[in-house]
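In: sequence-free structure coming up:
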């Protein structure tokens, strides 16, 4: 089968040529392959290195973005150029080892549609590994797919997976969850991970914070997109019932005791009212969402 490797690169001067040489060494005479470098608005010599390689090897395609649009846009542009039956993504920082490609292909041949890399012995600083483990725990717990390393850029996809998916913003890291929600088979393999030798990491604390927000988006899109009342109704009920219990209890106290005895419970009274109002609003929001979904589905049938 033909293999396409899509590699986004932003300010990776000095890493491009060694990565190409390693990929060529691993795949030469073993697979029909192509390599798509996507220069995501680099401000160093990344563009020149990519052009030099593309000028000497027709299997290498160069895509240059005018500015740094981010990894999602870079991947999408690379996917447009990919013609292989299996599409790999990996980072340009030399931390992903091309020798591991065969492991991914073996899983693909076993019938899986998406194969995610798992950096089993991750060679990154502790301040990156600890938040990442917390993040991966919640993704595995709530995302519906047991993955140890959702943030790993080393992945393989059947071409039909890419053709049927759409993602935006920073949702590229959640492609396996989106694919799983559409019925594709997702698995993972352990891969080697090397320490970065050149250049600077593009990931920081902001990425982890944004990642959690994006994860909330993915949970909504994959689990509740066509049943919003299940989400908002549950949240509203959780708030409404305690609020109702508080108000009923205070009402009983009012009728069974002296009306003046309720004076010390005013904070609780207002808390109950607040819970009732917010609960009703959330349930109403879920019902409104259901009406919108129903109207959209009806329009599609017509």
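Out: Happy to help now that I have it. Remember, it's a predicted structure, so these values are computed and weren't measured experimentally.
In: Can you read off the pLDDT for residue 263?
Out: For residue 263, the pLDDT comes out at 60.
In: Next: the one 3 residues further on.
Out: Per-residue confidence for residue 266 comes out at a pLDDT of 77.
In: What count of nearby residues applies to it?
Out: Per other C-beta atoms under 10 Å, the neighbour tally for residue 266 reads 10. From N, CA and C alone the C-beta is placed, and that goes for glycine too.
In: Next up, identify which helix or strand it is on.
Out: Using DSSP states H and E, residue 266 sits within helix 266-301.
In: Centre of the chain to that helix, how far?
Out: Put simply, helix 266-301 sits 28 Å off its chain's centre (C-alpha atoms, centre = their mean, to the nearest Å).
In: what packs against it?
Out: Counting contacts by 3 or more C-beta pairs under 8 Å, 6 or more residues apart in numbering; DSSP states H and E, helix 266-301 is packed against helix 228-256.
In: and the angle for the helix it packs on with helix 266-301?
Out: Counting by axes from the mean of the first three to the mean of the last three C-alpha atoms, to 10 degrees, helix 228-256 lies at 150 degrees to helix 266-301.
In: buried sites along helix 228-256?
Out: 228-229, 231-233, 235-236, 239-240, 243, 246-247, 250 (16 or more other C-beta atoms under 10 Å).
In: Which pair in those has the greatest spatial separation?
Out: Distance extremes for these: the farthest pair is 228 and 250 at 32.5 Å, using C-beta to C-beta.
In: where along the stretch 1-150 of the chain do the strands fall?
Out: 2-9, 32-40, 60-65, 86-89, 114-119 (DSSP state E, counting those that start in this stretch).
In: Output those as TSV; include the columns distance to residue 168 and mean pLDDT.
Out: Shown next, in TSV, are the strands of the stretch 1-150 of the chain (distance: least, C-beta to C-beta, whole Å; pLDDT from 0 to 100):
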stretch	distance to residue 168	mean pLDDT
strand 2-9	16	95
strand 32-40	16	96
strand 60-65	16	96
strand 86-89	17	96
strand 114-119	19	94
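In: Reformat the ones you listed into CSV and put mean neighbour count and distance to residue 164 next to each item.
Out: Listed next are those as CSV, based on neighbours: other C-beta atoms under 10 Å; distance: least, C-beta to C-beta, whole Å:
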stretch, mean neighbour count, distance to residue 164
strand 2-9, 24, 17
strand 32-40, 23, 20
strand 60-65, 18, 22
strand 86-89, 25, 13
strand 114-119, 25, 12
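In: quick one: contacts for the closest residue to residue 228 other than its chain neighbours?
Out: Distances taken as C-beta to C-beta, 6 or more residues apart in numbering place residue 289 nearest to residue 228, at 3.1 Å, with adjacent residues excluded. By C-beta atoms under 8 Å, 6 or more residues apart in numbering, the residues touching residue 289 are 228-229, 232.
In: what's the pLDDT at residue 289?
Out: 88.
In: and the gap between it and residue 231?
Out: 8 Å (C-beta to C-beta, to the nearest Å).
In: List the buried residues for stretch 189-209?
Out: Residues of stretch 189-209 classed as buried: 189, 191-193, 199, 202, 207-208 (neighbour count, 16+ other C-beta under 10 Å).
In: Revised request: answer the last question for stretch 122-129.
Out: Buried positions in stretch 122-129, judged by neighbour count with 16+ other C-beta under 10 Å: 122, 128.
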